[in-house]
Structures are given as structure tokens and as C-alpha cells.
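*Asks:* need a structure here:
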Amino acid sequence: MATGRLGVGETLEALNAAMGPGSPVWFKETHARHLRVRDFLAPRSALQARFGDGQVPECVFHAVSGLQGPGVAPVLRCASTPAGLSLQLQRPAVFERVLGALTSYTTPAKPASPGPRIILHCPALRGNPGTLRLSQLRAVLVADHLARTLRAHGVCVCPVPSVRDSHMATFLQKLLVDWPTTSKCASTETLRTCVFAELNSKETVPPGVLGRLCLKELVEKRRSAGYDPSIDNCLVTEDLLSVLSELQEAVCHWPEGGHPGLAGDPDAGVDGCMVVHVVSCEEAVQQQKLDLLWQKLDDQAPLKQKHLICGPVKVAGVPGTLMTAPEYYQLRYAQVCKASALKHGGNLAQDPAWTKTFDVLSVATIKFEMLSTAPQNQGEWLLLFNSVLPFLDLLRQTGHLASTPGLHTPVRTETVCKFLVQLSMDFSSYYNRVHILGEPRPHLFGQMFARLQLLRAVQEVFHTGLAMLGLPPLSHI
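*Replies:* Take a look at the predicted model:
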């Protein structure tokens with residue numbers, strides 16, 4: 001029997017290659033109604049654009065029907081239909097391959113060599129939770145999710161800043177956000193000297209400001225990257241220099257054990273390092289100024305800097321802009337307690353056995369609300385083909401930060417959330433319709449064990465997906 005991990009991406013790539021030169025025409029089906037008869041489709045309109053009359057040449061048809069290759073799922077049949085070229089896989093063979101090697105489909109493989117190095121900078125973590133706006137909370141949750149997903153794919157991540165406020169550290173623990181803490185501040189002496197060297201005049205500046213530096217020339221030079229053209233100058237303060245100093249420290253002195261062979265090497269951080277600034281929309285321009293100021297004062301500043309801008313947060317029925325992050329947490333916690341009381345009766349919030357469950361449910365509610373949008377509507381093949389088989393491909397999308405052009409980088413945090421929500425809906429539908437533990441008859445044992453193995457695969461996908469969000473699985477709710 002063939003070995004190796006099957007992949008949706010590899011199968012699509014082979015299908016499009018078999019069609020000859022041109023744009024991709026195949027796509028993977030996801031809807032249950034279509035999956036009854038096909039797994040992939042090349043639409044009629046795409047075939048007409050490719051072949052004129054829409055008739056697929058015999059040689060191409062045979063190439064698709066006999067598709068083979070590393071990672072390519074085995075083909076059962078390919079047929080011309082009114083909708084286009086329809087292809088169905090050898091589903092028993094796919095089931096056997098996937099369920100016989102679950103780990104390779106549910107757990108990201110660690111690369112043999114160290115991956116890229118990323119400084120993950122979230123400015124919102126320099127404050128205290130009492131002043132943390134909901135848009136800043138979203139930035140914190142996005143940064144935490146991004147760090148977990150990147151690490152799962154072998155990327156070396158250094159989170160900045162280290163949290164110094166004890167109340168913020170406690171609040172992050174409550175949110176199940178994994179972020180480093182420290183009590184020390186980096187020295188700003190070298191940067192202060194650079195600032196004074198750049199100042200050309202003794203203009204009067206506001207109290208607490210060291211000076212005003214012009215950034216217009218850098219903005220013009222980086223015009224194609226996408227910096228805001230209205231940026232002119234920057235008022236340099238000790239707080240700004242403290243931020244830059246911590247970023248410099250992270251670049252030049254990678255955390256011990258964070259990158260084999262590079263820890264403690266002062267020259268290691270300059271090459272092959274990218275900085276990703278995760279900021280709320282209100283902080284976007286100020287972060288661009290900080291980015292440009294770093295480049296102006298430090299010729300060793302990483303050239304690869306990306307900005308991930310998190311949009312505003314609106315809470316239904318609540319003036320979101322007036323609500324702080326702790327108030328938002330308390331609102332959701334109270335709603336979870338109320339829902340559980342209605343379901344189970346009594347005041348379970350006072351029961352220590354339920355406290356941990358309510359904490360996790362509150363955090364899960366917040367993370368899914370912050371990181372996702374409402375999912376679309378949705379059987380065994382549907383679970384395997386839509387969930388287990390493409391899961392690692394979905395996670396891998398998050399690691400392509402460096403490949404995006406320009407200053408800003410998109411990160412589809414909603415893909416994991418929508419995926420898990422859809423999987424829960426598909427699994428619930430399947431579990432309500434299918435009798436897993438059948439009659440104790442020998443001829444039914446094979447089917448029962450295969451279904452149990454499928455459920456194990458779904459569980460592993462759930463657990464890995466939740467881990468990317470920093471959420472532990474619960475045994476009851």
C-alpha cells in the first residue's frame with residue numbers, strides 16, 4: 001500500500017497540472033449535498049475559458065483520471081457533468097491512509113532545522129488591564145494565537161514586550177495568554193545619544209520630550225512599502241526609547257534556548273529576523289512612527305518589519321468603546337454562569353468544581369468572539385474530507401508572514417475559529433445520526449472500530465486547534 005501523508009493542496013496542484021498550462025480550475029467541495037457525488041470540481045465556465053468549446057481533450061481526461069504522485073489522493077472516477085468535470089476519490093483507501101496515521105494529519109511536524117525568527121511585538125501589553133481597550137484586547141489575543149501557531153510550525157518566536165505590570169500578568173493568566181514577564185527595563189543610553197546626534201536645532205519642545213526628529217525622508221524612501229504618507233516627524237520621549245531599546249535587545253540577544261546555536265550571540269539577531277507589530281487600529285500610525293524611528297536611529301534595525309492591524313470591537317448592546325477589557329471579561333463570565341444555571345439549575349458559580357469550567361468557557365467565548373466571524377451552515381466522509389485531511393494545511397497558512405509584500409501583513413485568525421465551529425456542527429450532526437457502538441456482532445466490529453478511530457481523529461484535531469487558541473479541552477460544560 002502507498003505511504004506518505006495525503007494532502008488537499010498536493011491533490012489540487014496535481015489536478016491543475018494535469019489540465020496543462022493556465023490558471024487553476026479545480027476546487028475542493030465542502031458542502032454535504034455536493035460531497036454525495038463528488039470531491040473536486042472543475043466548473044464548466046472554467047473549462048470553457050481553458051478549452052474554448054469546454055470539451056476536455058482525451059489526453060487531459062486520462063491524465064486526471066489516472067492521477068498519481070506524492071501526497072495525491074487516489075482517484076476513483078472522473079466524469080463530465082453539467083456542472084463541469086467531476087472527480088471522486090477512492091474514499092475507503094483515503095480513510096485507511098488517514099486513520100492509519102493520525103498523528104501526521106493532526107499534529108504539525110517539527111522541521112529538522114530551526115525555522116525563521118520572528119519578534120512578535122504587541123504594544124498594548126505595556127499598560128495595565130484597567131486601561132486596556134477592547135481593540136487592544138483583540139490585538140493581545142491575536143498576538144497570542146499567532147505565537148502558538150507559528151511555534152507549532154517550528155518558527156522561533158520572541159514575544160515583546162515582557163509584561164512588567166503585575167495586574168496585567170494576572171489578567172493574562174486569567175485569559176490563558178502565554179506571555180513572558182519581567183521586572184527590569186532595558187537601558188536607553190545608546191539610543192538617547194543617537195537622538196541628540198540627529199537633532200539639528202535647539203527648538204523648544206514640550207516637557208518630557210527629548211526632541212523632534214524628521215521622518216519624511218524615510219517615508220518617501222519607503223513609499224512602496226505602504227507607510228502613511230502624512231507622517232512627517234516624531235516627538236521622541238524616554239518611553240519611546242524604552243520601547244525601541246527592548247526591541248533592540250530582543251533582536252540582538254535571542255532568549256536562551258529559543259533558537260539553538262544563536263542564543264546569546266549579539267550578531268545573530270540582525271540577519272534572518274523579522275519583526276511583526278500587532279497593534280489596534282488606533283495605534284497604527286504611532287507604530288509606523290516607531291518603526292521609522294528605529295530605522296533612523298539604528299542601522300542594525302531589521303529591514304523586515306510587518307504591521308498587523310486589528311480592527312475595532314463592537315459588543316452587541318454595549319457601548320464597546322466605553323468598556324475596558326476586565327469589564328468585558330466580567331460581562332461574559334456572568335453570562336456563562338447564568339446560562340449554566342438555566343441548564344443545570346442552582347448557583348453553580350459558587351461550586352469550586354465548576355469554577356475552572358466557567359473560567360475556560362468565559363475565555364473561550366471571548367476568544368471566539370474576538371477572533372472569528374459567524375460561520376456558514378454545514379456526514380463520515382464530510383468529517384474526514386472537510387476537517388481531518390485539510391487541518392494542517394489550514395494551520396500552515398498562518399506561517400506565511402514573510403511572503404506578503406509591503407508593510408502590512410494579513411493573518412486570517414478567523415480561519416481556525418470558523419474551522420472549529422464548523423467541525424463542531426458537523427460532528428454534532430454526525431453523532432446524532434450515526435450509532436457508533438453497534439450490536440456486539442463480529443461482522444460489525446470492523447465498522448465500529450473504524451468509526452471509533454475517526455472520532456479519535458476528530459478529537460485530536462479539536463485538541464490541536466484549541467491549543468492554537470490557548471484553550472484546554474473540557475470534559476463537560
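*Asks:* and His121, what does it touch?
*Replies:* Shown in contact with His121 (Cβ atoms under 8 Å, 6 or more residues apart in numbering): 160-161, 247, 275-278. No exception for glycine: its C-beta is placed from N, CA and C like everyone else's.
*Asks:* can you check Cys281 too?
*Replies:* Going by Cβ under 8 Å, 6+ apart, Cys281 touches 135, 309-312.
*Asks:* ok, back up a step: now intersect the contacts of His121 with the helices, please.
*Replies:* Those of the contacts of His121 mapping onto helices are Leu247, per DSSP state H.
*Asks:* Can you lay out the contacts of His121 as a markdown table showing distance to Leu474?
*Replies:* Formatted as a markdown table, the contacts of His121 follow (distance: Cβ to Cβ, whole Å):
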| residue | distance to Leu474 |
| --- | --- |
| Val160 | 32 |
| Pro161 | 32 |
| Leu247 | 38 |
| Val275 | 36 |
| Val276 | 31 |
| His277 | 34 |
| Val278 | 28 |
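*Asks:* Please tell me which one of the contacts of His121 counts the most neighbours.
*Replies:* Val278 (30 neighbours; other Cβ atoms under 10 Å).
*Asks:* Thought Leu308 was touching that residue, still the case?
*Replies:* Yes: with contact defined as Cβ atoms under 8 Å, Val278 counts as touching Leu308 (4.7 Å).
*Asks:* Return the set of residues that bridge with the closest residue to Asp39 other than its chain neighbours.
*Replies:* Counting by Cβ to Cβ, 6 or more residues apart in numbering, Asp39 lies nearest to Leu89, which is 4.9 Å off, once chain neighbours are set aside. Counting by DSSP bridges, Leu89 forms beta bridges with Val75.
*Asks:* what's the overlap in contacts for Val278 and Leu308?
*Replies:* Contact criterion Cβ under 8 Å, 6+ apart; residues shared by Val278 and Leu308: 142, 146.
*Asks:* Asp228 reaches Gln287, doesn't it?
*Replies:* No: using Cβ under 8 Å, Asp228 is not in contact with Gln287; the gap is 10.4 Å.
*Asks:* Which of the two has more residues huddled nearby?
*Replies:* Gln287 (20 against 12).
*Asks:* From the chain's centre, how far out is the helix or strand where that one lies? Work that out for me.
*Replies:* If you go by DSSP states H and E, Gln287 is part of helix 284-297. Centroid separation for helix 284-297 versus its chain: 25 Å, with Cα atoms, centre = their mean, to the nearest Å.
*Asks:* and the angle for the following helix or strand past it with helix 284-297?
*Replies:* Using DSSP H and E, the helix or strand that follows helix 284-297 towards the C-terminus is strand 305-310. Put simply, strand 305-310 runs at 170 degrees to helix 284-297, going by axes from the mean of the first three to the mean of the last three Cα atoms, to 10 degrees.
*Asks:* and strand 305-310, C-alpha only, in PDB?
*Replies:* Taking Å, rounded to 0.1, in the frame of the first residue of the first chain, the C-alpha atoms of strand 305-310 are listed here in PDB:
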ATOM      1  CA  GLN A 305       9.000  44.800   9.700                       C
ATOM      2  CA  LYS A 306       5.400  43.900   9.200                       C
ATOM      3  CA  HIS A 307       2.300  45.600  10.800                       C
ATOM      4  CA  LEU A 308      -0.700  43.500  11.700                       C
ATOM      5  CA  ILE A 309      -3.600  45.900  12.300                       C
ATOM      6  CA  CYS A 310      -6.500  44.700  14.400                       C
END
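*Asks:* Find out how far that strand is from the centre of the chain, if you would.
*Replies:* With Cα atoms, centre = their mean, you get 14 Å for strand 305-310.
*Asks:* What is the helix or strand following that strand packed up against?
*Replies:* Using DSSP H and E, the helix or strand that follows strand 305-310 towards the C-terminus is helix 325-344. The contact analysis (3 or more Cβ pairs under 8 Å, 6 or more residues apart in numbering; DSSP states H and E) places helix 325-344 against helix 134-152, helix 166-174, helix 352-371.
*Asks:* what do you get if the cut-off is 7 Å, keeping everything else the same?
*Replies:* helix 134-152, helix 352-371 (3 or more Cβ pairs under 7 Å, 6 or more residues apart in numbering; DSSP states H and E).
*Asks:* so which of those gets nearest Val251?
*Replies:* helix 134-152 (16.7 Å; Cβ to Cβ).
*Asks:* Just want the angle from the closest one to helix 325-344.
*Replies:* Using the same axes, to 10 degrees: helix 134-152 against helix 325-344 is 80 degrees.
*Asks:* helices or strands up against helix 134-152?
*Replies:* strand 117-121, strand 156-160, strand 273-280, strand 305-310, helix 325-344, helix 352-371.
*Asks:* is it true that Arg91 touches Trp381?
*Replies:* Yes: counting by Cβ atoms under 7 Å, Trp381 is a contact partner of Arg91 at 5.8 Å.
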